[in-house]
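Asks: here's my sequence, what's the structure:
(2 chains)
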Amino acid sequence: AQKVTQAQTEISVVEKEDVTLDCVYETRDTTYYLFWYKQPPSGELVFLIRRNSFDEQNEISGRYSWNFQKSTSSFNFTITASQVVDSAVYFCALSVPNFGNEKLTFGTGTRLTIIP
Amino acid sequence: DTEVTQTPKHLVMGMTNKKSLKCEQHMGHRAMYWYKQKAKKPPELMFVYSYEKLSINESVPSRFSPECPNSSLLNLHLHALQPEDSALYLCASSQDMDRGYGYTFGSGTRLTVV
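Replies: Alright, predicted model coming up:
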């Protein structure tokens, strides 16, 4: 069975500070996919990034960066120079191929509040 | 078109009503999903359709009935719901199954059962 743990329930930082959201996953499969989604108050889940288990390269996209470490089963997300618009709930998720029954397993989410 | 469109955005229904939620995508995605999300909780998978056939039913009560009329449309028929069924219902699509494609989510239908 797959499991995703986001230990940080809520985080508040002052605008322009950097913030890291932690994600730890569990799976016995060697092929798997990791995702981050952002959910603003409007409710829509916005796709941020996808990473497969064979690609441990870190990625940077503007103010966002992701650190994937298989050795610690972690896929952490850092926002640099945070802005008020970054306030949202962020979900880390995991999927595993399963003969046409792939499912996306979500962590419990981290509510991020950026204080102006 | 890179969106998943859900209607209605808000719905209030009585416990004896019958209503339907609709979801539409025109990205050529072959997998479509219904998720239920309670306040301050992550989304929970309800149903998955792959190539217009129901492939996963997560033991959802029969008062929820999914339907996939064609590859672009997904419906969720609601009947005799309970107040605890009040939640945000999210539809999503992905290019295919088992390849780790990212899911595109709609903005959801906020359902209140009274």
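
Asks: isn't residue A:48 up against residue A:36?
Replies: Yes - here residue A:48 reaches residue A:36: they are 4.3 Å apart, a contact under Cβ atoms under 8 Å. To be clear about C-beta, it is placed using only N, CA and C from the backbone, and glycine gets the same treatment.

Asks: shared neighbours, those two?
Replies: Shared contacts of residue A:48 and residue A:36, defined by Cβ atoms under 8 Å, 6 or more residues apart in numbering or on different chains, comprise residue A:77.

Asks: between those two, which one's more packed in?
Replies: For residue A:48 versus residue A:36, the count of surrounding residues by other Cβ atoms under 10 Å in any protein chain shown is larger for residue A:36: 22 against 17.

Asks: per-residue pLDDT, the more buried one?
Replies: In this prediction, residue A:36 carries a pLDDT score of 97.

Asks: for it, what are phi and psi?
Replies: When read as degrees, to the nearest 10, the backbone of residue A:36 gives phi -120, psi 140.

Asks: thought it was touching residue A:90?
Replies: Yes - the pair residue A:36 / residue A:90 is scored as a contact, 6.5 Å apart, by Cβ under 8 Å.

Asks: so in terms of bridging, what pairs with the most centrally placed residue in chain B?
Replies: Closest residue to the average C-alpha location of chain B: residue B:34 at 2.9 Å, with Cα atoms, centre = their mean. Beta-bridge partners of residue B:34, counted by DSSP bridges, are residue B:47, residue B:91.

Asks: isn't it right up against residue B:87?
Replies: No - contact criterion Cβ under 8 Å: residue B:34 and residue B:87 do not qualify, at 11.3 Å.

Asks: find the residues that touch each one of residue A:36 and residue A:90.
Replies: Counting by Cβ under 8 Å, 6+ apart, the residues touching both residue A:36 and residue A:90 are residue A:77.

Asks: so residue A:111 touches residue A:21, yeah?
Replies: No - in terms of Cβ under 8 Å, residue A:111 does not count as a neighbour of residue A:21; the distance is 10.2 Å.

Asks: higher neighbour count, the two?
Replies: Neighbour count, other Cβ under 10 Å: between residue A:111 and residue A:21, residue A:21 has more, with 22 against 15.

Asks: tell me who's in contact with residue B:36.
Replies: Contacts of residue B:36 (Cβ under 8 Å, 6+ apart): B:43-44, B:46, B:87-90.

Asks: now for those residues, which pair is the farthest apart?
Replies: B:46 and B:88 (12.1 Å; Cβ to Cβ).

Asks: in stretch B:27-43, what counts as buried?
Replies: In terms of neighbour count (16 or more other Cβ atoms under 10 Å in any protein chain shown), stretch B:27-43 has its buried residues at B:29-37, B:42-43.

Asks: which pLDDT value belongs to residue 100?
Replies: As the question left the chain open, I've gone with chain A. Note on residue A:100: pLDDT of 73.

Asks: chain B, not that one
Replies: With respect to pLDDT, residue B:100 scores 77.
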